[in-house]
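just coords:
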């Protein structure tokens, strides 16, 4: 038993930083100097490599870290710029939405402007057509310019003829006016002669009828009315002189009376009675209204002062008077 136990290998382990083993250590190999040198060279190469790696890492950190940090800073800056642009885009989007209604209105206005432009284009086409027509007419006028020059050359002569014609026309108008005046005068004379032929006398634009029979004042007035006249009125010394000279001193009724009034003298043809002027025509002492019955007036004498009041029932010759009225030509 002891022999068996003694033949059993003792358990052995070793611990180092590189390996943990529960097996008995191998017997150290036999090494030669060249092997030892090779291992030393290998270890040195590993150490150099590790140093190079370390140096490279340090250099990379020294170079790449700032670049990396700068890159991160640039990225942050670009991110902020991008965020600002996004905000601007959002603002622009909101503004676009707000202006969308305005764009619609602008679109409507654009369509209206387009319609107006269409109308203007149509008008322009019409104007172009009119311009072509005017151009054609201008060519016609240009072709007739020689005739116009000839007419311009004749203008002075035509003007002289026109002046002569104007002078002749003025003379013709003058003669025509004279002829019209003569025609009116002849017509007036014809009218006067026609009335005079009926026993009337003409004076100062009036006709006078000196009767051949005697009548009361009222009957005389009715006869005058039947002849489209009235017993005569007296409005001036010339008329008074004409009447008493024609009467030749015979008594004639005239149209002055106060019958039918409240004692005031008046003319039966409506002529206003001029009391101041009439005083020159009364016979001195007249009117005296003898018997309170002398309400009508006669021409009694062949004098300016020839008026006498008498009874309207007496019978005397009478004088009718009417205005001249031109007859129709």
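Done, it's in. This one's a predicted model, so the numbers in the text were calculated from it and none came from an experiment.

tell me the helices in this protein, going along the chain?
Shown for the chain, the helices assigned by DSSP state H span residues 2-7, 33-143, 145-196, 217-226, 237-247, 275-278.

got the buried residues for the last one?
For helix 275-278, a neighbour-count test (16 or more other CB atoms under 10 Å) marks residue 278 as buried. For every residue, glycine as well, the C-beta is placed using N, CA and C.

follow-up on the earlier one: what about the helices of the chain, which gets the closest to residue 308?
Residue 308 lies closest to helix 237-247 among those, at 11.8 Å (CB to CB).

What is the closest one packed up against?
Helices and strands in packing contact with helix 237-247 are listed as strand 200-203, strand 206-210, strand 296-299, strand 317-323; criterion 3 or more CB pairs under 8 Å, 6 or more residues apart in numbering; DSSP states H and E.

Contacts for that helix next, please.
With CB atoms under 8 Å, 6 or more residues apart in numbering as the contact definition, helix 237-247 has outside contacts at 201, 203-204, 208, 210, 232, 234, 252, 254, 280-281, 299, 301-304, 306, 317, 319.

ok, now stretch 188-204?
Contact with stretch 188-204 is made by 207-210, 238-239, 242, 246, 324, 326-327, as judged by CB under 8 Å, 6+ apart.

now do 10 Å
Stretch 188-204 has contacts (CB atoms under 10 Å, 6 or more residues apart in numbering) with 205-212, 227, 229, 235-236, 238-239, 242-243, 246, 319-322, 324-327.

PyMOL command for the buried members of the residues you listed?
Here is the PyMOL selection string for the buried members of the contacts of stretch 188-204, based on 16+ other CB under 10 Å:
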select buried, resi 206+207+208+209+210+211+229+235+239+242+243+246+319+320+321+322
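
what about residue 219, how many neighbours?
Neighbours of residue 219 under the rule other CB atoms under 10 Å: 16.

Confirm for me that it is in contact with residue 318.
Yes: because the distance of 8.5 Å satisfies CB atoms under 10 Å, residue 219 is recorded as touching residue 318.

what sits in contact with each of the two?
With CB under 10 Å, 6+ apart as the test, residue 219 and residue 318 both reach 213, 253.

Out of the helices of the chain, which gets nearest to residue 313?
Minimum separation from residue 313 across the helices of the chain (CB to CB) falls at helix 217-226, 7.7 Å.

Would you mark the buried spots in the closest one?
Buried residues in helix 217-226 (16+ other CB under 10 Å): 217, 219-221, 223-224.

can you give me how far that helix is from the chain middle?
With CA atoms, centre = their mean, to the nearest Å as the basis, the distance from the averaged C-alpha position of helix 217-226 to the chain average is 69 Å.

Could you do stretch 292-307 as well?
The gap between the average C-alpha position of stretch 292-307 and the chain average comes to 75 Å, counting by CA atoms, centre = their mean.
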